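Participant: Sequence first, predicted model second:
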Amino acid sequence: MGHESSRRRPRPQLRRPARARRTLGTAVVALLTVAGAAVVDTPVAGAATGPSRNLVADASLKHGTHAWTVTKGARMSVRRIHGRRMIVIRNVTNHRLTVDLNDRRNTVGRTVAGKTYVASAWVRIARPRVTAAVREGAWRGSVSHSTPRVKSAWLRNSRWHRVTVKYRATRSNDSIDFNVLAWKLPPRVNFYVSHLSLVATGRPTTSVTVPAPSNPPAPPSGSPAPPSGSPAPPAGGKLVFDDEFSGSSVDRSKWNVRNDSWASNEESIVTSRSSNVSVGNGVLTIRAQRERYTAYGTTRDYTSGYLDTIGLSSQKYGRWEMRAKLPTAKGMWPAFWLRGDHSAGEVDILEAIGGLPQMTVQTVFPSTNDGSVKRSHAYNVSDTIGAWHVYGFTWTPTSMSWDIDGVTVFTVTSSDVAWESSAFNDTMNIRLNLQVGGSMPKYFNEEVDTSTPLPADYEIDYVRVYSL
């Protein structure tokens, strides 16, 4: 829910807020719990001694990239994204480049005959449709002892994928080289690698076949890998819009960023300044600030940000999904919503009110010119809106459904309301904004005031749209 866009004037039209009138429930959201693999922070040059010991030098990347090398033409760095360190490899050339992340010192110094060495990594690509791989090969000095074992993965989307390969040693005292690759990485595109692991399993005998470890490492905490239970893309559908916010600024081919605009139902002026809208560390941040700001003769005491895809990306039917952390400061009003390109129909996939740390609101309006006609619902997350959650919406010719972390929380069908099909017969664009104060926070007695801690951030990990 937000203010309407005006293509000719900076001032948007007035529109009414959605007001959830239902009693809040106590639904429980399923949480993901995955056991992580043990890691060590010192190089290991000798033979493997245990079934679960990670042999990768500085596996937690506390000391940066000192344990790794990368192909000439690629730049390597370590970033902390959502609290997790990962290696970021960027093709800095002007042509496609196969990049090879290689252990500076072979991860296994001396093999033990009969043991199986399981190498794995979580990988992600900023731009889909690149092949990644994990490779391990046995060496005796500078001579390759065997054909390297390679496991490839076609990264058709920008989610995290775990790639695992196994090598069973046929003799002792070889070394094992560990590599992670991305084939033909496009220019200026990032390749992300996390949770590098190489463990030895099995008894030192040539007759043992050992399965992969039963407790694989979890994807990076807070990463774009969706929580357990998050719905898969619609059957037969495909990814048609995707922004993982992996660059250093907003991709203007995907988003319009409004500047010096405001609405009469809230208290901020939105700007396109980097202090209000920015991209970094894989996250889009919309920031509300307390500052006196004037635009076109209107002065207000707060600024914030607003993005949309008007004229850039619209769709009729499909699935929309966002992973985000919402501001919890009193009076903040974040939203993720859709608006008809040629009609007044509106879907609020998500609204929340800072000061109400668990409540989310889902609403559908046949016309924002009459806010009294709508279907609205409130749903309490089990922890807080300030934690990472996946907010989804699926629209078919006969139904609309909202979900949070894979749990369906609200559904409207054409048999429920007569206007569901007739009012929504148009393509819809995406809106992301953070309003400050205004009608909806006031309705819930959570209006912004001098006690509100600012700045307050609305952080978005990704936005994805699938066809049906």
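Facilitator: Okay, I see it.

Participant: Just the pLDDT for Leu350.
Facilitator: Per-residue confidence (pLDDT) for Leu350: 97.

Participant: Would you mind writing the CA trace of the helix or strand where it lies as PDB?
Facilitator: Take DSSP states H and E as the rule and Leu350 turns out to sit in strand 346-351. Taking Å, rounded to 0.1, in the frame of the first residue of the first chain, the C-alpha atoms of strand 346-351 are listed here in PDB:
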ATOM      1  CA  GLU A 346      -4.500  -3.000  -6.200                       C
ATOM      2  CA  VAL A 347      -3.000  -5.900  -4.300                       C
ATOM      3  CA  ASP A 348      -1.100  -5.300  -1.100                       C
ATOM      4  CA  ILE A 349       1.100  -8.400  -0.900                       C
ATOM      5  CA  LEU A 350       2.500  -7.000   2.400                       C
ATOM      6  CA  GLU A 351       2.000  -4.100   4.700                       C
END
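
Participant: just the angle between the helix or strand following that strand and strand 346-351, please?
Facilitator: Downstream of strand 346-351, the first helix or strand assigned by DSSP H and E is strand 359-365. In terms of direction (axes from the mean of the first three to the mean of the last three CA atoms, to 10 degrees), strand 359-365 departs from strand 346-351 by 180 degrees.

Participant: Tell me which other helices or strands the strand holding Leu350 touches.
Facilitator: Packing partners of strand 346-351 (3 or more CB pairs under 8 Å, 6 or more residues apart in numbering; DSSP states H and E): strand 318-325, strand 332-340, strand 359-365, strand 389-395. C-beta: built from backbone N, CA, C; applies to glycine.

Participant: quick one: the longest one to chain centroid distance?
Facilitator: Looking back up the chat, that one is strand 332-340. 18 Å (CA atoms, centre = their mean, to the nearest Å).

Participant: give the contact list for Ala352.
Facilitator: By CB atoms under 8 Å, 6 or more residues apart in numbering, Ala352 lies in contact with Leu326, Met332, Trp333, Pro334, Met359, Thr360, Val361, Ile385.

Participant: between these, which is nearest Asp370?
Facilitator: Closest to Asp370 out of the contacts of Ala352 is Val361 (18.4 Å), distances taken as CB to CB.

Participant: and that closest one, how many neighbours does it have?
Facilitator: As a burial measure, Val361 scores 26 neighbours (other CB atoms under 10 Å).

Participant: got it, and Glu291?
Facilitator: Neighbours around Glu291, by other CB under 10 Å: 15.

Participant: Show me the beta-bridge partners of Leu434.
Facilitator: The partner list for Leu434 in beta bridges (DSSP bridges) reads Pro334.

Participant: Could you double-check that it lies in contact with Phe336?
Facilitator: No: contact criterion CB atoms under 8 Å: Leu434 and Phe336 do not qualify, at 10.5 Å.

Participant: circling back to that earlier point, most surrounded residue in the contacts of Ala352?
Facilitator: Neighbour tally across these (other CB under 10 Å): the maximum, 33 neighbours, falls on Trp333.

Participant: Can you give me the end-to-end span of stretch 165-178?
Facilitator: This stretch, stretch 165-178, spans 10 Å end to end (CA to CA, to the nearest Å).

Participant: list the buried ones in it?
Facilitator: Of the residues in stretch 165-178, Val165, Lys166, Tyr167, Arg168, Ala169, Asp174, Ser175, Ile176, Asp177, Phe178 count as buried by neighbour count, 16 or more other CB atoms under 10 Å.

Participant: Now do it: distance to the chain's middle.
Facilitator: Taking CA atoms, centre = their mean, the mean C-alpha location of stretch 165-178 is offset from the chain mean by 36 Å.

Participant: Number of residues surrounding Leu338?
Facilitator: A count of neighbours around Leu338, defined by other CB under 10 Å, yields 24.

Participant: That one and His377, how far apart?
Facilitator: From Leu338 across to His377, the span is 16 Å (CB to CB, to the nearest Å).

Participant: helix or strand right after the helix or strand bottoming out on mean pLDDT in the chain?
Facilitator: Within the chain, no helix or strand scores below strand 143-144, which has a mean of 68 by mean pLDDT, DSSP states H and E. Toward the C-terminus, strand 143-144 is succeeded by strand 149-155 as the next helix or strand (DSSP H and E).

Participant: after that following strand comes which helix or strand?
Facilitator: strand 161-168.

Participant: model confidence over that next one, on average?
Facilitator: The pLDDT scores in strand 161-168 average 90.

Participant: Adjacent strands (with direction) for that strand?
Facilitator: Sheet pairing of strand 161-168 (DSSP bridges) gives strand 116-125 (antiparallel).

Participant: What residues sit buried inside the helix or strand just after the partner strand?
Facilitator: Sequence-wise, the next helix or strand downstream of strand 116-125 (DSSP H and E) is strand 130-140. Within strand 130-140, the residues that count as buried by 16+ other CB under 10 Å are Val130, Thr131, Ala132, Ala133, Val134, Arg135, Glu136, Gly137, Ala138, Trp139.

Participant: I am finished for the moment; much appreciated.
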